[in-house]
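Undergrad: Fold the following, please.
(one chain, ligands or ions: 2)
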Amino acid sequence: MKITAIHTFILHVPVTRGSISDSLHSLTHWGAPGVVIETDAGITGYGYSGTHAHLPSDRLITQCIDDSLAALVLGRDPREVTALWHEMTRFPPLQWVGRGGIVQLAIGAVDVALWDIKAKAAGQPLWQLMGGTARPIRAYNTDGGWLNWPLETLVADCRRLVEDEGYSGVKIKVGSDLLTDDIRRLGAVRRAIGPDVTLAVDANGRMDLPQAIRFGPALADNDVMWFEEPLWYDDIAGHRRLARVISTPVALGEQLYLPENFQAFLDAEAVHFVQPDVARLGGVTPWIRVADMAAGRALPVVSHVGDMMQTHLHTAIGHPACTMLEYIPWMRECFTEPATVRDGWFLVPEEPGAGTTLRPDAITRFGVG
Ligand code: 0YR
Ligand code: MG
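TA: Ligands and ions are numbered 1, 2, ... in the order given. You can find the predicted model right below:
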């Protein structure tokens with residue numbers, strides 16, 4: 001089988017809850033700069049990254065695919081995806097200008113499209129190609145808990161997710177200007193959802209070490225499952241120190257671009273819940289490597305879903321280190337088989353591929369220049 005054509009696209013899809021904020025970002029749309037790869041076997045693969053829908057930066061990703069990566073993979077056999085990933089990440093001129101960052105996001109989109117083709121060629125969903133068995137994955141809801149919501153809205157929405165929609169886990173954003181606000185919001189949510197629901201918090205990298213340490217007792221008192229991205233993303237030493245002085249496990253990984261970054265955090269014992277994202281890490285190929293690293297240290301993998309779950313549902317089912325997956329339904333209308341939750345559990349996808357096949361109208365409805 002040979003790759004015969006490569007086209008790129010950029011989707012900007014409105015988020016479901018209006019304008020939302022975490023401690024560092026506000027957004028109204030989710031971005032998906034991506035790629036369609038065609039083959040002489042008539043199989044088409046789809047892959048994309050996940051961004052904050054900023055057209056100038058999305059264009060940097062599609063340009064990297066159009067102008068550099070396309071020439072590397074054109075004419076090649078897409079089923080040789082692991083070899084192609086190594087070639088893409090080691091292509092001298094590209095790694096010189098961007099090891100990590102834009103280049104890695106572009107490689108991730110291509111890698112996912114190649115895995116999509118490989119799974120379609122095998123007639124299997126990706127989770128099955130990975131050697132997994134059809135097993136339910138527990139969902140925790142992260143399409144709530146936003147930091148721009150007043151306390152009453154936050155509490156009512158968490159209660160609704162649990163009582164009306166059947167979620168057994170939720171995550172709320174922290175990293176307010178005042179730590180006392182975070183403590184008040186956390187306590188109110190825990191009281192509203194009761195002791196049995198999994199509750200995680202996410203500071204999106206905004207705190208400094210003293211503030212994160214001061215938050216520790218409130219996290220323990222409210223039985224918080226993990227403290228996500230407490231400190232700036234790349235600060236290995238800071239996370240290691242925090243992990244040693246608080247009793248709540250630390251989660252991170254959505255901002256790490258390279259498998260070697262995960263290796264460094266793991267070697268430093270600076271992370272407990274490992275959160276690789278195919279959309280940032282460079283695709284399914286490095287995701288499997290990171291999940292294997294975590295499994296080798298008895299650490300759970302709970303992916304961040306920059307792809308809005310489509311591929312991560314497959315990798316979660318397909319890898320034994322995965323225990324839960326976040327649910328954030330911002331791109332459901334784009335796909336032929338959108339990831340779906342019933343009674344707090346993800347349905348097992350059945351279509352062959354990596355879950356990324358776009359509906360025919362996705363680009364006409366959400367495509368931007
Ligand atoms: C909004 N999930 C996250 C969103 C989300 C961010 O900025 O991108 O909150 O990706 O941290 O865990
Ligand atoms: Mg997060």
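
Undergrad: wait, E351 sits on F335?
TA: No - E351 is beyond contact range of F335, at 9.5 Å (criterion: Cβ atoms under 8 Å). The C-beta positions use only the backbone N, C-alpha and C, and glycine is treated the same way.

Undergrad: okay, these two: which has more neighbours?
TA: With neighbours defined as other Cβ atoms under 10 Å, E351 and F335 compare such that F335 has more, 20 against 15.

Undergrad: Chain neighbours aside, what residue packs nearest to the more buried one?
TA: Closest residue to F335 apart from its sequence neighbours, by Cβ to Cβ, 6 or more residues apart in numbering: Q310 at 5.9 Å.

Undergrad: cool, and P14?
TA: Leaving aside its sequence neighbours, P14 is closest to H29 (5.5 Å, by Cβ to Cβ, 6+ apart).

Undergrad: Contact partners for that neighbour?
TA: If you count contacts by Cβ atoms under 8 Å, 6 or more residues apart in numbering, H29 has them with H12, V13, P14, V15, H52, A53.

Undergrad: Please identify which of those residues is nearest to ligand 1.
TA: For those, the minimum distance to ligand 1 (Cβ to the nearest ligand atom) is 6.6 Å, reached by H52.

Undergrad: List the contacts of the closest residue to that closest one other than its chain neighbours.
TA: Spatial nearest neighbour of H52, excluding adjacent residues (Cβ to Cβ, 6+ apart): L27 at 5.1 Å. Counting by Cβ under 8 Å, 6+ apart, L27 touches V15, S19, I20, S21, H52, A53.

Undergrad: among those, which two are most distant?
TA: S21 and A53 (14.4 Å; Cβ to Cβ).

Undergrad: When the two are compared, which one has more neighbours?
TA: Between S21 and A53, A53 has the larger neighbour count (other Cβ under 10 Å), namely 22 against 14.

Undergrad: ok, that one touching H12?
TA: Yes - contact criterion Cβ under 8 Å: A53 and H12 qualify, at 4.4 Å.

Undergrad: Just the buried residues of stretch 250-270, please?
TA: For stretch 250-270, the buried set under the neighbour-count rule, 16 or more other Cβ atoms under 10 Å, comprises 250-259, 261-262, 265-266, 270.

Undergrad: wait, stretch 1-14
TA: M1, I3, I6, T8, F9, I10, L11, H12, V13.

Undergrad: now, among the residues you listed, which is nearest to ligand 1?
TA: V13 (13.0 Å).

Undergrad: Relative to the whole chain's centre, how far out is the lengthiest helix in the chain?
TA: Determined from DSSP state H, the single longest helix within the chain is helix 102-122. Here helix 102-122 is found 15 Å from its chain centre; the criterion is Cα atoms, centre = their mean, to the nearest Å.
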